[in-house]
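Trainee: one predicted model, sequence on top.
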Amino acid sequence: MWELALADAVREGLRSGDLFLPQSGRHVSFSNLIYDDQQWAEDRETAYRELSLPSAPEGALDRLRREYDEVADRTERGLPRNEFAAVCDGKLRLKKTDALPVSERVEELRRLLSSNFPQVRIERLLEDVDLMCGFTRAFRPLPGYPSRTQPLYGALLAALVAQGTNLGLMAMGQSAEGITPEMLQHIMQWFVREETIKAANTIMVDFHRRHPLSRVWGPGSMSSSDGQRFGVQGSSLMASLYPRYFGYYDRAVTFYTHVADQFSVFSTKIISCQVREALYVLEGLLDNDTILRPREHTTDTHGCTEHLFGLCYLLGYSFMPRLADLKDRQLYKMTKDRTYGRLDPLLKPCPDVELIDEQWDELARVAASLKNRTAPASVVLRRLMSSPNDRLSRALLALGRLVKTIHILRYIHDQELRQRIQMQLNRGEHRHQLGPYVFFANRGEIRSGDYVEIMNKATCLSLLSNAILVWNTAHLDRAVERLRHAGEEVLDEDLAHISPLAHKHLIIHGTYSFDRGKSLVVA
């Protein structure tokens, strides 16, 4: 019992930062995760300018207070006409759901456009997309690979399909004409790894961003993130029990993806089903290497914490989650003696507001460190959330509570905001519908427990998803032009509700036939 108690105390100490390991990449001292004093003194002025934050805490609090008062006053004045929410008996009551209505014209347009997609095999689709944007040029070999031209182009595409469909190298070697398991293993050993897959995804996302039709879905300034669970048969430290979907005996991992308003996947992480997804929201946004620049981000309830609200505010992101327990969320008042009419029963005085003033420079230091990737955002956020008695953590919590209150007040007042959030989350759901369809082999269960293997499968699934997006967008553009040329009225606002991730026309089973004559030029 003493050993178990000690182990539990050590674990909690590592989580909170009271204990740390100097040589660890995750459990180091918190001071090693952010700028040191000398570096912060040198970069402080530049950091405040890049973050667009006032350097004086008084200015920061005044700006926050003005925004708070403006949103609260507008929400309070709009309560008599608000069709979504009301304040009854001192509690927030929701009059209707925030589901997004879809017109009959949109439904008709969906059926009309889906019939215009020709059937295509996954290998032909990849070849077509490569001709459009040249994503295979991202697959450069590891240092030491002999410089020569080899007919490995088909083997590269076969390896990507094998991983992205969960078929595996051995099964693909038996299902592809002229492709052997040895060739696929050679490709995986030298060419396919996390950084090359990410670079290929970046090429496709950037290409799709420049396509004229992509603008009907958004300018690339909004995104969402959510997790999708897949079973794991092999022994893995990353896998965990998830009784809600996999019973009490089978283990699973979460593929956590960030999806832009244009439906492209720009970040993919493998995380445990037991951890809160909110830890990885910022990581995907900050590790974005595409030309997309999301400034607004939404999640579901599982991707939200009050600390995350605070960090997003400091980093210039508008964090706008859709909360399932919206009416039960505690709201906070920034100024104790300020009244907000009918909203007053909902507002509790926010403690530790004065800590924001005291810790403002440290809060900015943390934000600047995250922006410049001195440490993974999930590690920093976990450490701050695990230290409830730390003054910096309490200051961030107070800031997050005020920003959360502003968001909820704006959400219940602004119908257009609710619709934009719902539309973006629907785009993430369309991506989730595509995932199991493509990741079909072994009933979607991963047989290997190796982290690198699982990560390759997850990122290759995102690559296939982006390739399908590019191909569908090109064909959708031509279908829209044909309809307009024939006199059919096709409005951009209706097209915004049409998903370019349709997949019924996609053939992913059977015998694969890859181009075996084309070579990979290895520089």
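Mentor: All right, it came through fine.
Trainee: CA atoms for contacts and neighbours, from now on please.
Mentor: Will do.
Trainee: I figured Tyr317 hits Arg293, correct?
Mentor: No. With contacts counted by Cα atoms under 8 Å, Tyr317 stays clear of Arg293, the gap being 10.3 Å.
Trainee: who has more neighbours out of these two?
Mentor: Comparing Tyr317 with Arg293 by other Cα atoms under 10 Å, the one with more neighbours is Tyr317, at 18 against 15.
Trainee: how near is the more buried one to His297?
Mentor: With distances defined as Cα to Cα, to the nearest Å, the gap from Tyr317 to His297 amounts to 7 Å.
Trainee: same deal with Gly303?
Mentor: Distance check for Gly303 against His297: by Cα to Cα, it reads 11 Å.
Trainee: what of Asp450?
Mentor: Spatial separation of Asp450 from His297 under the definition Cα to Cα is 31 Å.
Trainee: more crowded one of these two?
Mentor: The residue with more neighbours, out of Asp450 and His297 and counting by other Cα under 10 Å, is His297; that gives 26 against 14.
Trainee: I'd assumed the more buried one was in a helix, is it?
Mentor: No. Checked against DSSP: H, G, I helix; E, B strand; the rest coil, His297 lies outside a helix; its state is strand.
Trainee: for it, list each beta-bridge partner.
Mentor: Under DSSP bridges, the beta-bridge partners of His297 are Ser223, Phe319.
Trainee: what sits in contact with each of Gly303 and His297?
Mentor: 225, 321 (Cα atoms under 8 Å, 6 or more residues apart in numbering).
Trainee: which elements pack onto the host helix or strand of Cys312?
Mentor: With secondary structure defined by DSSP states H and E, Cys312 is part of helix 306-315. Using 3 or more Cα pairs under 8 Å, 6 or more residues apart in numbering; DSSP states H and E as the contact criterion, the secondary-structure elements in contact with helix 306-315 are strand 318-319, helix 360-371, helix 377-385, helix 391-413.
Trainee: comparing these, which gets the lowest mean pLDDT score?
Mentor: When those are compared on average pLDDT, helix 377-385 comes out lowest at a mean of 92.
Trainee: tilt between that helix and helix 306-315?
Mentor: Between helix 377-385 and helix 306-315, the angle formed by their directions is 120 degrees, by axes from the mean of the first three to the mean of the last three Cα atoms, to 10 degrees.
Trainee: what helices or strands is helix 377-385 leaning on?
Mentor: For helix 377-385, the elements it packs on are helix 2-16, helix 281-286, helix 306-315, helix 391-413, judged by 3+ Cα pairs under 8 Å, 6+ apart.
Trainee: output those as CSV; include the columns mean neighbour count and distance to Ile122.
Mentor: Output for the helices and strands packed on helix 377-385, formatted as CSV (neighbours: other Cα atoms under 10 Å; distance: least, Cα to Cα, whole Å):
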stretch, mean neighbour count, distance to Ile122
helix 2-16, 13, 44
helix 281-286, 22, 27
helix 306-315, 23, 38
helix 391-413, 23, 41
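Trainee: for Arg93, find the nearest of those.
Mentor: Among the helices and strands packed on helix 377-385, the nearest to Arg93 by Cα to Cα is helix 391-413 (10.3 Å).
Trainee: got the helices and strands packed on helix 377-385 as a markdown table, with distance to Arg209 columns?
Mentor: Rendered in a markdown table, the data for the helices and strands packed on helix 377-385 read as follows (distance: least, Cα to Cα, whole Å):
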| stretch | distance to Arg209 |
| --- | --- |
| helix 2-16 | 40 |
| helix 281-286 | 17 |
| helix 306-315 | 24 |
| helix 391-413 | 28 |
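Trainee: closest to Glu127 out of those?
Mentor: Closest among these, once you apply Cα to Cα, is helix 281-286, at 28.3 Å.
Trainee: neighbouring contacts of the helix holding Cys312?
Mentor: Contact partners of helix 306-315, identified using Cα under 8 Å, 6+ apart, comprise 51, 53, 278-279, 282, 318-319, 363-364, 367-368, 371, 381, 384-385, 396-397, 399-401, 403-404.
Trainee: pLDDT on that helix, on average?
Mentor: If you average the per-residue pLDDT over helix 306-315, you get 97.
Trainee: one more: stretch 109-119?
Mentor: The predicted model assigns stretch 109-119 a mean pLDDT of 89.
Trainee: what of stretch 423-441?
Mentor: Stretch 423-441 shows a mean pLDDT of 96 in the predicted model.
Trainee: please save the CA atoms from it in CSV.
Mentor: These are the backbone C-alpha positions of stretch 423-441, laid out as CSV (Å, rounded to 0.1, in the frame of the first residue of the first chain):
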residue,chain,number,x,y,z
MET,A,423,-21.7,24.5,-40.1
GLN,A,424,-18.0,24.1,-39.2
LEU,A,425,-18.7,21.2,-36.9
ASN,A,426,-20.8,19.6,-39.6
ARG,A,427,-17.8,19.7,-41.9
GLY,A,428,-15.8,17.8,-39.3
GLU,A,429,-18.6,15.2,-39.1
HIS,A,430,-18.5,14.8,-42.9
ARG,A,431,-14.8,14.0,-42.5
HIS,A,432,-15.6,11.5,-39.8
GLN,A,433,-18.1,9.8,-42.2
LEU,A,434,-15.4,9.5,-44.8
GLY,A,435,-12.8,8.1,-42.4
PRO,A,436,-14.4,4.6,-41.7
TYR,A,437,-15.3,4.2,-45.4
VAL,A,438,-11.7,4.6,-46.4
PHE,A,439,-10.1,2.9,-43.4
PHE,A,440,-12.1,-0.3,-44.1
ALA,A,441,-9.6,-3.2,-43.8
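Trainee: can you list the buried residues in it?
Mentor: Along stretch 423-441, these residues count as buried under the neighbour rule (16 or more other Cα atoms under 10 Å): 423-428, 431-432, 434-441.
Trainee: of those residues, closest to Pro143?
Mentor: For the buried residues of stretch 423-441, the minimum distance to Pro143 (Cα to Cα) is 31.2 Å, reached by Phe439.
Trainee: dump the residue contacts of that closest one.
Mentor: If a contact means Cα under 8 Å, 6+ apart, then Phe439 has 164-166, 461 as its contacts.
Trainee: quick check: phi and psi at Cys349.
Mentor: Just so we're on the same page, residue 349 is Pro rather than Cys. Here is the backbone geometry of Pro349 (degrees, to the nearest 10): phi -60, psi 130.
Trainee: that one - nearest residue in space that isn't next to it in sequence?
Mentor: Lys333 (4.8 Å; Cα to Cα, 6 or more residues apart in numbering).
Trainee: also Asn201?
Mentor: Closest residue to Asn201 in three dimensions, ignoring its sequence neighbours and counting by Cα to Cα, 6+ apart: Leu463, at 5.6 Å.
Trainee: pLDDT score assigned to the one you found?
Mentor: Per-residue confidence (pLDDT) for Leu463: 98.
Trainee: go on, the one 10 residues further on?
Mentor: At Thr473 the predicted local confidence, pLDDT, stands at 97.
Trainee: picking that back up, and the angle for the helix holding Cys312 with helix 360-371?
Mentor: Regarding helix 306-315 and helix 360-371, their directions subtend 90 degrees when assessed with the same axes, to 10 degrees.
Trainee: relative to helix 391-413, how tilted is helix 306-315?
Mentor: Inter-element angle recorded for helix 306-315 and helix 391-413: 90 degrees (by the same axes, to 10 degrees).
Trainee: what residues go with each domain of the chain?
Mentor: The chain resolves into domains spanning 25-97+304-413, 112-207+443-521 when parsed by automatic domain parsing.
Trainee: surely Val192 is within a strand?
Mentor: No. According to three-state DSSP, the state of Val192 is coil, so it is not within a strand.
Trainee: the nearest residue to it once chain neighbours are set aside: neighbouring residues, count only.
Mentor: Nearest residue to Val192 in three dimensions, chain neighbours excluded: Phe139, at 6.5 Å (Cα to Cα, 6+ apart). Close neighbours of Phe139, defined as other Cα under 10 Å, add up to 21.
Trainee: so what's Phe139 up against?
Mentor: The neighbourhood of Phe139, defined by Cα under 8 Å, 6+ apart, consists of 191-192, 196-197, 199-200.
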